[in-house]
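In: for reference, the sequence and a predicted model appear below.
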Amino acid sequence: MKLLQLCHKPLFAPLDGGKIAMNAMAEGFRSQGVEIHQLMIETPSHKINQDLVGKHAFAWKSSFIDTQINIASAFKNLFNSTSYNLSRFDNSEYNNQIIKEVKDSQIDVVLAEGIYTLAGIDKLEDAGLKNIILRAHNVEHLIWKRIANQQKNPLKRCYLNMMANRLRRDELKICNKVAGIIAISEVDAEVFRSMGVTVPITVVGIGVEIPKLSSKLTLKEQLFHLGSMDWMPNVEGIDWFIKNVWPQVRIVMPDLKFVLAGYNMPERFKQLENRGIEVKEAKNSAEFFKTEGVMIVPLQSGSGIRVKIVEGLSLGIPVISTKVGAEGIPATDKKHLFIADTSEAFVLTISELFSKPALQAEISENAITFADENYRIERLGEKSCQFIRDSLDFEDTTGTFTISMAHRQR
């Protein structure tokens, strides 16, 4: 089987959770004998740095789309019913490149990593592309709905709710035009079904390389957060933590340090270093995890699965997260990680974790076992291939997958 993976950003360093998830999906398919081709969207915010490309494992091409917010077009969008978020990705050159790649490389299946890669799905449909599977990283409109609900300014809340409602309508349209959906969590799958999605849906989580640890990690007595800081829920969560949790933590543990790492870091965070906060870059998350301490994920909004949590668990990193942050991960509170939804709960958990080395060791060991049982890349590929077999009438020949001629001609 030949598969074209549409990626909503380049899959090169620095690696955020979305890039790790897309790379893992490609590796999972390759473990099942699938030939992978990739078409990556390059934007002003996510450019390809040729110095960091290195030896990429798959055949790939890129397409540049200028997704920058334009005040005039945003204002004009107020007077029609389309989703401005989505329309910025609807690009003729990109859509034509998909069509050309499918034809030239004799692609059997298109795997779209998120709805933004399918902003021009009507044009793809008009060109005869039928075998499209959506891999939904999030329920996109739900992220904006949750962000809207956090707003205190009524005008901003009203505007973001309007954006979320428009995105919901267009998200539903795209979902019902594809051949099937691979949801990243059961929570997301249920949301899709409740929205009115009628195409087949399966749940396949994320995959990570489960390392063979020669020894237990020696964790520093410090907190850290690692994430892409051009994603609004991450910024929102850190703002909340710094305002509501960190001052209380410093009263209880005045020597504890908080390391804030990621790229596209807002300038205001860089100016907090005199408050026990250190700002770092982290281009390799696995290496970063090995040198830091306890991970916090204070998300207040968002959807899907936080790849960084799964990656941290696979390395035995103790994780403290809100329920929203851990959503979609079937881990048990106080066994595999810790759930804290209030500032008081965060402070109490942090204090307890650092005062009880035995608890830290127990959580670390349980986390590694949990990740090994649930998130191996081979398992990801096997379940995804089975779903394609069932959804697109594939025949299994000589150990690989060949699309049936009847379905190819539909």
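Out: Received the coordinates, thanks. Numbering: from 1, shown residues only.

In: touching, residue 252 and residue 351? I think so.
Out: Yes: using Cβ atoms under 8 Å, residue 252 is in contact with residue 351, at 5.4 Å. For the C-beta atoms, the positions are set from N, CA and C on the backbone; glycine is no exception.

In: burial count for residue 122?
Out: By the criterion of other Cβ atoms under 10 Å, residue 122 has 14 neighbours.

In: doesn't it belong to a helix?
Out: Yes: counting by DSSP: H, G, I helix; E, B strand; the rest coil, residue 122 is found in a helix.

In: neighbour count: residue 252 and residue 351, which is higher?
Out: Higher neighbour count among residue 252 and residue 351: residue 351, with 15 against 12, using other Cβ under 10 Å.

In: what about the more buried one, which helix or strand?
Out: Using DSSP states H and E, residue 351 sits within helix 343-355.

In: may I see the buried residues of the next helix or strand after that helix?
Out: On the C-terminal side of helix 343-355, the closest following helix or strand by DSSP H and E is helix 357-374. For helix 357-374, a neighbour-count test (16 or more other Cβ atoms under 10 Å) marks 360, 363, 364, 366, 367, 368, 370, 371, 374 as buried.

In: looking at those, which is nearest residue 141?
Out: Using Cβ to Cβ, residue 374 is the member of those that lies nearest residue 141, at 27.2 Å.

In: what sits closest to the closest one if chain neighbours are left out?
Out: Excluding the flanking residues, the one nearest residue 374 by Cβ to Cβ, 6 or more residues apart in numbering is residue 205, at 6.7 Å.

In: ok, the one you found - contacts?
Out: Residue 205 makes contacts with 184, 185, 305, 310, 328, 329, 374, 375, 380, as judged by Cβ atoms under 8 Å, 6 or more residues apart in numbering.

In: the second one reaches residue 201, doesn't it?
Out: Read it as residue 185. No: taking contacts as Cβ under 8 Å, residue 185 lies outside contact range of residue 201: 11.4 Å.

In: what do these two both touch?
Out: With Cβ under 8 Å, 6+ apart as the test, residue 185 and residue 201 reach no residue in common.

In: let me see the mean pLDDT of the helix holding residue 351.
Out: Throughout helix 343-355, pLDDT has a mean value of 96.

In: helix 357-374 and that helix, what's the angle between them?
Out: With axes from the mean of the first three to the mean of the last three Cα atoms, to 10 degrees as the basis, helix 343-355 and helix 357-374 are set at 100 degrees to each other.

In: sorry, back to before: how about the buried residues of helix 357-374 in TSV, adding pLDDT and distance to residue 39?
Out: Shown next, in TSV, are these (pLDDT from 0 to 100; distance: Cβ to Cβ, whole Å):
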residue	pLDDT	distance to residue 39
360	89	44
363	94	41
364	91	39
366	95	40
367	94	35
368	91	35
370	93	34
371	91	30
374	87	30
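
In: identify the farthest-apart pair in those residues.
Out: So, those by Cβ to Cβ: farthest apart are 360 and 374, at 21.5 Å.

In: SS state for residue 23?
Out: Following three-state DSSP, residue 23 is assigned to helix.

In: from here on, call the first residue 56.
Out: Yes, from this point I'll number from 56; that puts the last item at residue 78.

In: residue contacts, it?
Out: 66, 70.

In: and it, how far from residue 93?
Out: 10 Å (Cβ to Cβ, to the nearest Å).

In: identify the contacts common to the two.
Out: Counting by Cβ under 8 Å, 6+ apart, the residues touching both residue 78 and residue 93 are residue 66.

In: mind giving me the packing neighbours of the strand ranked longest in the chain?
Out: Criterion DSSP state E: the longest strand present in the chain is strand 90-97. Based on contacts counted as 3 or more Cβ pairs under 8 Å, 6 or more residues apart in numbering; DSSP states H and E, the elements that strand 90-97 packs against are strand 57-62, helix 72-85, strand 114-119, helix 147-159.

In: nearest to residue 218, of those?
Out: Closest among the helices and strands packed on strand 90-97, using Cβ to Cβ: helix 72-85, at 20.4 Å.

In: which residues of the stretch 106-255 of the chain fall in helices?
Out: 126-132, 139-142, 147-159, 176-181, 195-204, 209-230, 241-250 (DSSP state H, counting those that start in this stretch).

In: tell me the buried residues in the first one?
Out: For helix 126-132, burial by neighbour count (16+ other Cβ under 10 Å) applies to residue 132.

In: likewise for the fourth one?
Out: Neighbour-count burial for helix 176-181, with 16+ other Cβ under 10 Å as criterion, is recorded at 176, 178, 179.

In: got CSV for the residues you listed, with distance to residue 200 too?
Out: Compiled in CSV, the buried residues of helix 176-181 are given as follows (distance: Cβ to Cβ, whole Å):
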residue, distance to residue 200
176, 22
178, 28
179, 27
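
In: residue 446 and residue 188 touch, don't they?
Out: Yes: here residue 446 reaches residue 188: they are 7.0 Å apart, a contact under Cβ under 8 Å.

In: common neighbours of the two, please.
Out: Residues touching both residue 446 and residue 188 (Cβ under 8 Å, 6+ apart): 234, 235.

In: same question for stretch 263-274, mean pLDDT?
Out: So the average pLDDT for stretch 263-274 ends up being 68.

In: endpoint to endpoint, that stretch covers what distance?
Out: End-to-end distance for stretch 263-274: 21 Å, by Cα to Cα, to the nearest Å.

In: again with stretch 274-292
Out: One end of stretch 274-292 to the other measures 24 Å (Cα to Cα).

In: now it: buried residues?
Out: Within stretch 274-292, the residues that qualify as buried by neighbour count (16+ other Cβ under 10 Å) are 274, 277-284, 286, 288-292.

In: do the same with stretch 208-220
Out: Applying 16+ other Cβ under 10 Å to stretch 208-220 flags 215, 216, 218, 219 as buried.
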